[in-house]
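> just need the structure, nothing else, for what follows:
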Amino acid sequence: MQKEIIISGFGGQGVLFAGQVIAYAAMDAGKQVTWIPSYGPEMRGGTANCTVVIADQEIGSPLVKNPPLAIALNLPSFDKYESEMQAGGTLIVNQSMVDRGAKRTDIHTVFVAANEIAEEIGDKRLTNMVTVGALLAALPEVTLEALEAALKGHLPARHQHLLPKNYEALRRGYESAKEQLAVAV
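Numbering: from 1, shown residues only. Okay, the predicted model is just below:
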């Protein structure tokens, strides 16, 4: 088993942290993992993305060209990665930042109102965790419980008080995507 994931958005949306927490959850579960961040020099507001590769065996290359799984937190990321997705793959899209529907019909495109869900929970910074939760609906190798444990184990002490809201964001995103993926099957 090898799963390749790209997470993309603007700097400041928590793109890199989203990839890190997925990587930590898989690593804590005994999987082989790579995580590679990429961001422009301006960081906040510029483009940011990261790749995560999860495997049962040693990973030959951490590079991902046509991902089977991706998260697009904004319109430029959706425009770029929709065309690069592997046929049959799943693309999680932050519907709050995208003003168009899917062009491809050979992939599962899951639209999640991540900004609105995060604001309902009480913190707009949770948008990334909403989309990570949604991704888990298409990534059975990483469970919600494993991701929650990774958050608890790797979140800095000064942010531990945010765990309940992060858990809620993960679960809300997961449920939203699970419903859409069940309809698509």
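
> E116 against S96, yeah?
Yes. Under the contact definition of Cβ atoms under 8 Å, E116 touches S96, with a separation of 5.8 Å. (Each C-beta comes from the backbone N, C-alpha and C, glycine too.)

> between these two, which one's more packed in?
Regarding E116 and S96, a neighbour count based on other Cβ atoms under 10 Å identifies S96 as having more, with 19 against 15.

> the more buried one and T34, how far apart?
When distance is defined by Cβ to Cβ, to the nearest Å, S96 is 29 Å away from T34.

> and the strands in the chain?
In order along the chain, the chain carries the following strands (DSSP state E): 2-10, 32-39, 47-55, 69-72, 90-94, 108-112.

> just put these in JSON lines and tack on mean neighbour count, distance to R125 and mean pLDDT.
Compiled in JSON lines, the strands of the chain are given as follows (neighbours: other Cβ atoms under 10 Å; distance: least, Cβ to Cβ, whole Å; pLDDT from 0 to 100):
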{"stretch": "strand 2-10", "mean neighbour count": "24", "distance to R125": "13", "mean pLDDT": "91"}
{"stretch": "strand 32-39", "mean neighbour count": "16", "distance to R125": "17", "mean pLDDT": "88"}
{"stretch": "strand 47-55", "mean neighbour count": "23", "distance to R125": "15", "mean pLDDT": "90"}
{"stretch": "strand 69-72", "mean neighbour count": "28", "distance to R125": "16", "mean pLDDT": "96"}
{"stretch": "strand 90-94", "mean neighbour count": "27", "distance to R125": "13", "mean pLDDT": "95"}
{"stretch": "strand 108-112", "mean neighbour count": "22", "distance to R125": "16", "mean pLDDT": "95"}
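
> closest to L155 out of those?
Of all these, it is strand 32-39 that lies closest to L155, at 16.1 Å by Cβ to Cβ.

> and the closest one, how far out from the chain's middle?
Strand 32-39 has its C-alpha centroid displaced from the chain centroid by 13 Å (Cα atoms, centre = their mean, to the nearest Å).

> and it, which strands flank it?
Sheet pairing for strand 32-39, assigned by DSSP bridges, gives strand 47-55 (antiparallel).

> list the contacts of the strand it pairs with.
Judged by Cβ atoms under 8 Å, 6 or more residues apart in numbering, the contacts made with strand 47-55 from elsewhere in the structure are 1-11, 13, 15-16, 18-20, 22-23, 26, 31-40, 59, 62-64, 67, 76-77, 141-142.

> ok, for Q2, nearest residue in space, not its chain neighbours?
Spatially, and ignoring its direct neighbours in sequence, Q2 is nearest to A55 (4.1 Å; Cβ to Cβ, 6 or more residues apart in numbering).

> show me what contacts the most centrally placed residue in the chain?
Ranked by distance to the mean C-alpha position of the chain (Cα atoms, centre = their mean), the top residue is V132 at 3.8 Å. Contacts of V132 were listed using Cβ under 8 Å, 6+ apart, and they are 18, 21-22, 71, 147, 170, 173.
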